[in-house]
Each structure stands twice: as structure tokens, then as C-alpha cells.
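Colleague: Sharing a model prediction with you, sequence too.
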Amino acid sequence: MRGGEVVHLFNGKDGEFRGHLRLASRKSAYFELSDQLRLQTERADLDYCFAPLKQARLDYLVQKATEMGVGGLRPVLTNHTQIRRLNMDRLRANIIEAAEQCGVLALPLAYEPVSLQAFIASFPKDRLLVFCDEKAEISDPYLALSGLSAAGVSLLIGPEGGFDAEERALVLRASHVVSLSLGPRILRADTAAVAALSLVQAAIGDWKSPRR
């Protein structure tokens with residue numbers, strides 16, 4: 001880049017600003033901020049809770065969840081989880097890259113992995129848990145979400161092999177849980193992420209138009 005060129009800068013806390021590149025010397029440079037382009041947006045109270053996948057597909061999942069407007073990314077370890085150890089630095093780097101490309105100012109929080117048992121044990125009683133469940137009694141996913149409201153939403157999707165019977169029973173015992181069907185076809189976990197987040201955002205999230 002040449003001196004004087006303009007970029008848009010954000011830090012996830014103070015909004016977006018116009019920055020002009022200033023070349024201090026042959027080996028150093030800085031950006032001089034001028035006008036503020038956008039005010040800081042609030043982080044959505046929507047957590048995406050997922051069983052970690054192999055790296056390339058995990059990168060995709062994290063990027064798409066960020067683009068879809070989640071406020072938190074929570075890895076949950078299940079009996080069929082493929083990957084037990086996560087590169088959290090790489091996960092956060094994917095969050096930032098997706099935010100840069102899509103103009104997301106409120107970066108999702110990245111949480112350390114926990115077991116499914118620990119996740120359910122600490123789950124807030126006033127928070128809605130949307131559980132992607134192939135055995136959901138209501139086959140229409142939009143109908144299952146209609147009319148729901150809560151102090152925040154967590155969307156839980158299992159690994160490629162799904163939840164086993166004991167895990168499914170554990171999740172369904174949560175105090176405020178709704179089972180969500182993702183249709184008649186078996187979806188890969190990363191595809192399910194995009195499908196489920198689209199449903200949640202359209203039915204009860206920030207895609208839904210406010211009532212006049």
C-alpha cells in the first residue's frame with residue numbers, strides 16, 4: 001500500500017473508522033483515523049454450540065457462524081465428536097477473517113471446549129436451548145420455533161454421528177429446550193450449522209422484522 005491510501009478499521013469495541021496510511025519511515029507506518037463510519041453494534045445473545053469437526057470443515061463452520069451473526073461459539077465434546085483438541089488461536093483468526101470480509105463489528109466470543117454433561121449442567125434455566133434433533137416430534141422447524149422467546153438462545157448441533165441415546169435424553173431434560181428438525185435429509189454438520197442458524201435467525205433472531 002502507498003501512503004495516503006484509505007482502509008476501514010475496527011477493533012470489535014469502538015465501531016468502524018476511516019484510516020489513512022501514513023509512512024513514518026521505510027520500516028514503520030501507522031494509520032491516522034478520521035471520521036467514524038459506523039457505530040459499534042451489540043453482540044447478539046445467540047450462541048452456536050457445536051461438536052468440533054476436522055480442521056478444514058471447522059474453519060468453514062466458524063466463518064459461516066460469524067457471518068450469520070452469532071454472539072458466541074461454544075465447542076461441546078460428545079461421545080461421537082471427531083476432534084478433542086482445538087486450536088483456539090486458529091478459531092479466533094477465522095472469526096476475525098470472516099468479520100473483516102462481511103463487515104461484522106461485534107466479534108463472537110470463542111469459548112474453550114467443554115463436555116456435553118458440563119454444558120447441560122451449567123446451562124441457565126431462563127435461556128432457550130434449541131436442540132437440532134432428527135427425532136423431533138414437530139417436523140416443521142419453523143413451526144417449532146414460532147412464538148418462542150427467552151433471555152438469549154443457544155443452538156446445539158451434534159457431531160457427524162449424532163448424539164447417542166443417553167446424550168439425547170440428557171439434553172431433553174434441560175429446563176427450556178425445543179427440538180428442531182432440519183428436514184428429511186441427513187445433513188453434514190457444517191451444512192446443518194448454516195441451515196439451523198438461518199431458521200433461528202428468521203424465526204426468533206435479528207432477521208425477523210420488528211412489529212410495527
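Modeller: Arrived safely, thanks for sending.
Colleague: quick one, strands of the protein?
Modeller: With strands called from DSSP state E, the chain shows them at 6-10, 16-23, 29-38, 46-50, 72-77, 109-110, 114-115, 128-132, 153-157, 177-180.
Colleague: do you know which of those lies nearest residue 60?
Modeller: Relative to residue 60, the nearest member of the strands of the chain by C-beta to C-beta is strand 46-50, separated by 11.8 Å. Just so you know, the C-beta spots here come from the backbone N, C-alpha and C atoms, and that holds for glycine as well.
Colleague: In its sheet, which strands sit next to that closest one, and in what direction?
Modeller: Its sheet considered, strand 46-50 pairs with strand 72-77 (parallel), strand 153-157 (parallel) by DSSP bridges.
Colleague: who's in contact with the shortest one?
Modeller: Outside of strand 153-157, the residues within contact range by C-beta atoms under 8 Å, 6 or more residues apart in numbering are 45-51, 74, 76, 123, 127-132, 171, 189, 192-193, 196-197, 200, 204-205.
Colleague: Using ChimeraX, define a selection of the buried residues within these.
Modeller: In ChimeraX syntax, the buried subset of the contacts of strand 153-157 is picked out as below (16 or more other C-beta atoms under 10 Å):
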select :46,47,48,49,50,51,74,76,123,127,128,129,130,131,132,171,189,192,193,196,197,200,204,205
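Colleague: Can you lay out the strands of the chain as a markdown table showing distance to residue 61?
Modeller: Shown next, in a markdown table, are the strands of the chain (distance: least, C-beta to C-beta, whole Å):
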| stretch | distance to residue 61 |
| --- | --- |
| strand 6-10 | 23 |
| strand 16-23 | 26 |
| strand 29-38 | 27 |
| strand 46-50 | 7 |
| strand 72-77 | 9 |
| strand 109-110 | 12 |
| strand 114-115 | 17 |
| strand 128-132 | 13 |
| strand 153-157 | 9 |
| strand 177-180 | 17 |
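Colleague: so which of those strands comes closest to residue 57?
Modeller: Closest to residue 57 of those is strand 46-50 (C-beta to C-beta; 10.8 Å).
Colleague: who touches the closest one?
Modeller: 61, 65, 69-76, 108, 119, 152-157, 189, 193, 197, 200-201, 205.
Colleague: buried subset of those residues?
Modeller: 61, 65, 69-76, 108, 119, 153-157, 189, 193, 197, 200-201, 205.
Colleague: Make JSON lines out of the strands paired with strand 46-50 and add mean pLDDT.
Modeller: Output for those, formatted as JSON lines (pLDDT from 0 to 100):
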{"stretch": "strand 72-77", "mean pLDDT": "97"}
{"stretch": "strand 153-157", "mean pLDDT": "96"}
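Colleague: if you average pLDDT over stretch 199-211, what comes out?
Modeller: Taken as a whole, stretch 199-211 has an average pLDDT of 81.
Colleague: contact partners of it?
Modeller: Stretch 199-211 is contacted by residues 44, 46, 68-69, 130, 141-142, 145-146, 148-149, 153, 155, 180, 182 when judged by C-beta under 8 Å, 6+ apart.
Colleague: Any idea how far it is from the middle of the chain?
Modeller: Distance, stretch centre to chain centre, for stretch 199-211: 15 Å (C-alpha atoms, centre = their mean, to the nearest Å).
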